[in-house]
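1. Return a 3D structure for these sequence lines:
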Amino acid sequence: MILFPGAPTPATTTARPRRAGPAERKAAQLDRMAAEAEREVSEAWRAGDMPGARAAHDRARGARRAAQLLRAGPAGVAEVIGGHHEAA
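-> Down below sits the predicted model:
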């Protein structure tokens, strides 16, 4: 409904970007940890440190998996794990 024809329309407010929630921030931190661990895998492999490479590989895999679970949220965890997503 227009009350005053010809009046300038109010400027639309610009939406601020949505702030990341705690789970999103933690998932991003886990991604950074995984990337660092993957670099450690390369360095340990080149140095011939197989136990160190394996440990770094396990850390990277665990961090990626944890980030994936956080992003899936409570409703998607079963699907990420590979179980049934509906109650049996």
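2. buried residues in the biggest helix by length in the chain?
-> Assignment by DSSP state H gives helix 50-81 as the longest helix of the chain. By 16 or more other Cβ atoms under 10 Å, the buried positions in helix 50-81 come out as 53, 56-57, 59-60, 63-64, 66-72. Backbone N, C-alpha and C define where each C-beta goes, glycine included.
3. Could you check the pLDDT of Arg25?
-> Arg25 is assigned a predicted lDDT (pLDDT) of 94.
4. Let's check: the centremost residue of the protein is which one?
-> Ala27 (3.6 Å; Cα atoms, centre = their mean).
5. Show me how far stretch 46-57 is from its chain's centre.
-> 26 Å (Cα atoms, centre = their mean, to the nearest Å).
6. doesn't Arg25 make contact with Leu70?
-> No: between Leu70 and Arg25 there is no contact, the gap being 9.6 Å when judged by Cβ atoms under 8 Å.
7. Tell me the spacing between Ile81 and Glu40.
-> Taking Cβ to Cβ, to the nearest Å as the measure, Ile81 falls 26 Å from Glu40.
8. Sorry, wrong one. I was asking about Ala63.
-> 12 Å.
9. So, low pLDDT: which residues of the chain?
-> 1-2, 10-13, 83-88 (pLDDT under 70).
10. hmm, try it at 80
-> Residue ranges of the chain with pLDDT under 80: 1-16, 20, 83-88.
11. rewinding a little: in TSV: the buried residues of helix 50-81, plus distance to Ala7.
-> Output for the buried residues of helix 50-81, formatted as TSV (distance: Cβ to Cβ, whole Å):
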residue	distance to Ala7
Ala53	70
Ala56	65
His57	66
Arg59	62
Ala60	60
Ala63	56
Arg64	56
Ala66	55
Ala67	51
Gln68	52
Leu69	53
Leu70	49
Arg71	47
Ala72	49
